[in-house]
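>>> sequence-free structure coming up:
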């Protein structure tokens, strides 16, 4: 069945990128119950296994049917490109209980036996209480599953946005969407997502589209949301395959001898653009040490830098890329 979004001229001017710590939390919860998603995340799964066992995720899993509607209110489109988890969870807590009830009812109807189950009836009986309990559970899941690793995840997501923003400027929205996923196609003013198991058609009506990379959504591309929320398209972030590897393990020995171990590790860690604090977290180094190495590498013509939001991102020049590829 088709998933289609119909654009008007004003919608093309209101497409924006964003990242969402709340969405990553929701998708991490979903990934725990979806073995086909585990491949890239086995190191993370090993790290969080004991802590995750302390969470009762059944209420959230009940609202995440394999096919069909998932409640938008527990993960609305982010309010800005760099929204914090605290800002996003506050929006969940502030949702109208009747809007939440209708949203949960749609999800439960798509899960066999969901509406008639004791847990389903409890969720619908008192939506205000359910909103509060689900928000508390999402906050606890954030603290256990995502927050300890957020600098690493955010770096990957910001790098994806930086890359695709440049591609949008270079080649336009139609080509960009085709690069994001082969399941996306553009025909006139209509964006179609192939391979979905539900029928979703929406005229954007001047709201535009939020484009969000995600670490945990792979191998899927997810489209939503229903009114009153702004439509969004969530796609797998670039570089997720190397997310959980140790950057220093990939540094060629010849390069380490040439530049020194720490400086070479910093250069090789920049598979995607990243900031000083992110690199320090990835490499287990002091930010001051990383900053010093970045300055030397940039002065040698191996890196360039640019400001993105609240931080400066560094990326390799062609010469830096060639050196990092040294065997």
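Now that the structure is in, tell me what you want to look at. Please read these numbers as outputs of a predicted model, since none were measured by experiment.
>>> contact partners for residue 69?
103, 106, 107, 109, 110, 198, 226 (CB atoms under 8 Å, 6 or more residues apart in numbering). Yep, even glycine has a C-beta here, placed from its N, CA and C like the rest.
>>> mind giving me JSON lines with these and columns for pLDDT, neighbour count and distance to residue 219?
As requested, these are exported to JSON lines (pLDDT from 0 to 100; neighbours: other CB atoms under 10 Å; distance: CB to CB, whole Å):
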{"residue": "103", "pLDDT": "92", "neighbour count": "24", "distance to residue 219": "26"}
{"residue": "106", "pLDDT": "91", "neighbour count": "17", "distance to residue 219": "25"}
{"residue": "107", "pLDDT": "91", "neighbour count": "22", "distance to residue 219": "22"}
{"residue": "109", "pLDDT": "91", "neighbour count": "14", "distance to residue 219": "26"}
{"residue": "110", "pLDDT": "87", "neighbour count": "18", "distance to residue 219": "21"}
{"residue": "198", "pLDDT": "61", "neighbour count": "14", "distance to residue 219": "18"}
{"residue": "226", "pLDDT": "71", "neighbour count": "15", "distance to residue 219": "24"}
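>>> farthest pair within the residues you listed?
Across these, no pair lies farther apart than 103 and 198, at 14.9 Å, counting by CB to CB.
>>> and residue 201, how many residues sit next to it?
By the criterion of other CB atoms under 10 Å, residue 201 has 12 neighbours.
>>> in which helix or strand does the closest residue in space to it that isn't next to it in sequence reside?
Computed as CB to CB, 6 or more residues apart in numbering, the closest residue to residue 201 that is not its neighbour in sequence is residue 4, at 4.8 Å. Element membership for residue 4, per DSSP states H and E: strand 3-6.
>>> list the buried ones in that strand?
Using 16 or more other CB atoms under 10 Å as the test for burial, strand 3-6 gives 3, 4, 5.
>>> sorry, back to before: just the closest of the contacts of residue 69 to residue 48, please.
residue 107 (25.0 Å).
>>> against residue 251, how distant is residue 239?
17 Å (CB to CB, to the nearest Å).
>>> the two - which one has more neighbours?
The neighbour comparison of residue 239 against residue 251 (other CB under 10 Å) goes to residue 251, with 22 against 17.
>>> packing partners for the host helix or strand of residue 185?
Secondary-structure assignment from DSSP H and E places residue 185 in strand 184-187. Judged by 3 or more CB pairs under 8 Å, 6 or more residues apart in numbering; DSSP states H and E, strand 184-187 is in contact with helix 173-180, strand 190-193.
>>> buried set for that strand?
Per 16+ other CB under 10 Å, strand 184-187 contains these buried residues: 184, 186.
>>> how far out from the middle of the chain is it?
Here strand 184-187 shows a centroid-to-chain-centroid distance of 22 Å under the convention CA atoms, centre = their mean, to the nearest Å.
>>> partner strands of that strand, parallel or antiparallel?
strand 190-193 (antiparallel) (DSSP bridges).
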